[in-house]
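Novice: Requesting a structural model of the entry that follows:
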Amino acid sequence: MDQLKLAALDLEDLQVLSTHLQDAVLTIADIRYLPKEKKVVFVVNRFVWDKEADKRSKEHERRRSALAFTQVTGMKVQNIKQEAKGAVLELLAVTFEAGEEPAGKIQLAFAGGASLLLEVDCIEAQLADLGAAWSTPNLPQHDLS
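Specialist: Numbers count the residues shown, from 1 in each chain. Modelled structure (predicted):
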């Protein structure tokens with residue numbers, strides 16, 4: 001599969017990004033907030049949901065990807081110990097709550113109740129794969145009860 005490269009400039013685009021990012025994993029050290037540049041950058045291990053598992057090995061794929069949000073005016077953290085740089089976060093969804101158009105808040109919701117809330121002037125995000133995929137036997141599971 002070719003490397004993924006997407007941009008999001010509205011709610012519909014952001015929903016597509018969220019779909020591709022579901023079950024991505026990252027550490028606290030993989031998050032960079034650059035307030036002077038009004039930017040937040042994440043390096044994640046993205047689970048490739050749009051490709052079926054290998055029929056013989058039953059292996060799935062992950063890819064190292066960069067996720068960047070621009071036009072960020074603030075960032076709030078909930079239930080994340082920022083000093084625990086090696087702690088792993090599993091991304092569940094990226095959503096947008098409109099404010100005074102086109103501004104609003106982008107929420108990155110993680111498993112276990114952790115979240116990041118980005119205050120933005122508008123939706124402006126990019127997602128790009130950084131290299132080759134690697135195989136994993138682990139298929140993300142969600143307890144829906």
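
Novice: pLDDT weak spots in this structure?
Specialist: Scanning the chain for pLDDT under 70 picks out the ranges 1, 49, 51-59, 134-135, 137-139, 141-145.

Novice: what's near enough to touch the most centrally placed residue in it?
Specialist: Against the mean C-alpha coordinate of the chain, by CA atoms, centre = their mean, the closest residue is L21 at 4.9 Å. Contacts for L21 (CB atoms under 8 Å, 6 or more residues apart in numbering) come out as 44, 46, 67, 91, 94, 127. The C-beta positions use only the backbone N, C-alpha and C, and glycine is treated the same way.

Novice: From K36, how far out is it?
Specialist: L21 sits 26 Å away from K36, going by CB to CB, to the nearest Å.

Novice: if I read this right, R46 contacts L26, doesn't it?
Specialist: No - using CB atoms under 8 Å, R46 is not in contact with L26, being 9.5 Å away.

Novice: So those two - more neighbours on which side?
Specialist: The residue with more neighbours, out of R46 and L26, is R46; 25 against 21, by other CB atoms under 10 Å.
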